[in-house]
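Trainee: Build me a structure from this.
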Amino acid sequence: MGHEGTAEGGKDSGAADRTGRVNVERKRNTMGNSGGFGEGDGNGLGAFLRARRAAVDPAVLGFPYDGRPRRVPGLRREELAQAAHVSIDYVVRLEQGRSRRVTGPVLDALADALHLAPDERVHLFTLADVIQPARSRRPGRAETDPKLRQLLDEMRDIPAMILNRRMDVLAWNSMAAALLADFSKKPAGERNLIRMTFLDEAFRSLYTDWPRAARDCVAALRMAAGHDPADPAVSALVGELSVRDPDFRVWWAGHQVRGPRELTKSYRHRLVGDLLLDVHQFSVDALPDQRLIAYTAPPGSPSEERLRFLVQWAASDDEPMARPENH
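Mentor: The predicted model follows:
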């Protein structure tokens with residue numbers, strides 16, 4: 001992603017007019033061709049199908065080179081139609097948003113033909129559901145259960161926090177603050193891991209492989225946008241990052257998606273050095289929009305020893321960690 005050095009207020013922040021002001025509106029208007037800010041343009045399904053079609057090598061599906069020049073990369077519409085056993089006209093109508101009725105078997109056939117990963121398949125079905133006009137979703141709740149906050153406090157040796165689908169940080173413990181950032185010092189509207197990954201230089205520098213971490217963030221946000229295309233907070237976040245970060249714009253247009261899963265992330269912490277941590281994600285039954293995130297180190301590893309030192313530092317009186325506001 002050529003992608004180091006894109007910080008807050010960094011490169012490509014919009015074209016300037018003669019008064020020296022940034023022409024943000026012009027930048028916003030160009031985003032419609034690459035998937036829009038959210039999925040609320042009414043044709044998120046078509047944009048996703050086009051993006052995934054472009055990513056498939058025709059040879060993988062047994063379509064040999066026929067000598068005709070290809071105007072676009074990936075599968076032609078007729079090749080997707082043939083592989084999914086549907087008509088070309090149906091594929092055209094889906095991609096142009098002119099067909100509002102998609103059945104499960106057809107979606108399965110399209111997903112198989114496009115070689116969609118499990119998360120991408122879920123996203124495809126989600127987009128097909130949300131284009132039904134009778135269906136609506138309410139924004140996820142921002143509150144966290146007091147018992148969950150108590151659980152965070154009891155996890156004294158483990159960095160942990162509560163996130164929603166947009167990756168807003170809703171609650172955290174002192175170890176999460178010691179590992180990642182003191183969220184209490186940020187306005188509530190800026191406590192978002194995706195926003196911080198792109199626009200917060202200190203947070204960005206934590207990642208030893210920032211491009212990979214940033215791509216994962218974009219894929220998670222794309223998944224959230226598909227789940228609730230009418231969420232104004234998602235649209236606002238995508239809009240801000242699209243205007244302020246060129247890497248985000250490119251990756252957002254790729255329509256990659258990723259759901260919650262266990263991950264391994266590497267950090268370079270300013271106090272304890274390199275950390276290789278397992279990231280565990282647990283759903284919250286009472287609040288399906290939220291999940292508990294916990295960070296652990298492999299037993300007996302150097303990272304476990306360094307994380308233990310961080311626990312001691314966070315609990316010491318030498319440089320006390322600020323108490324989170326939301327406790």
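Trainee: From here on, just use CA atoms for contacts and neighbour counts.
Mentor: Noted.
Trainee: What are the buried residues along the longest strand anywhere in the chain?
Mentor: For the chain, the longest strand by residue count, based on DSSP state E, is strand 273-283. Using 16 or more other CA atoms under 10 Å as the test for burial, strand 273-283 gives Asp274, Leu275, Leu276, Leu277, Asp278, Val279, His280, Gln281.
Trainee: Same question for stretch 303-322.
Mentor: For stretch 303-322, using 16+ other CA under 10 Å, the buried residues are Ser303, Glu304, Glu305, Arg306, Leu307, Arg308, Leu310, Val311, Trp313, Ala314, Ala315, Met321.
Trainee: chain center to that stretch, what's the gap?
Mentor: Averaging C-alpha positions (CA atoms, centre = their mean, to the nearest Å) puts stretch 303-322 30 Å from its chain's average.
Trainee: Point out where the stretch 51-200 of the chain drops to low pLDDT.
Mentor: Residues of the stretch 51-200 of the chain that meet the criterion pLDDT under 70 lie in 65-67, 100, 129-143.
Trainee: go with 90
Mentor: Within the stretch 51-200 of the chain, the stretches with pLDDT under 90 are 53-113, 115-150, 153, 165, 186-189.
Trainee: what about the strands in it?
Mentor: Using DSSP state E, counting those that start in this stretch, the strands of the stretch 51-200 of the chain run over residues 160-164, 169-172.
Trainee: model confidence over the longest strand of the chain, on average?
Mentor: The average pLDDT within strand 273-283 is 94.
Trainee: swap in stretch 253-268?
Mentor: 88.
Trainee: Which residues does that stretch contact?
Mentor: 34-35, 48, 51-52, 119-120, 123, 205-209, 216, 218-223, 273-281 (CA atoms under 8 Å, 6 or more residues apart in numbering).
Trainee: now Ser174: how far from Arg101?
Mentor: Distance check for Ser174 against Arg101: by CA to CA, to the nearest Å, it reads 49 Å.
Trainee: scratch that, Pro229 is what I was asking about
Mentor: In terms of CA to CA, Pro229 sits 18 Å off from Arg101.
Trainee: domains for this structure, by residue range?
Mentor: Domain assignment for the chain by automatic domain parsing gives 43-130, 146-315.
Trainee: most packed of those domains?
Mentor: domain 146-315 (a mean of 19; mean count of other CA atoms under 10 Å).
Trainee: For it, what is the distance to the chain centroid?
Mentor: The chain centroid and the centroid of domain 146-315 are separated by 11 Å, computed with CA atoms, centre = their mean.
Trainee: Turn the strands of the stretch 51-200 of the chain into TSV, including distance to Leu292.
Mentor: Formatted as TSV, the strands of the stretch 51-200 of the chain follow (distance: least, CA to CA, whole Å):
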stretch	distance to Leu292
strand 160-164	5
strand 169-172	9
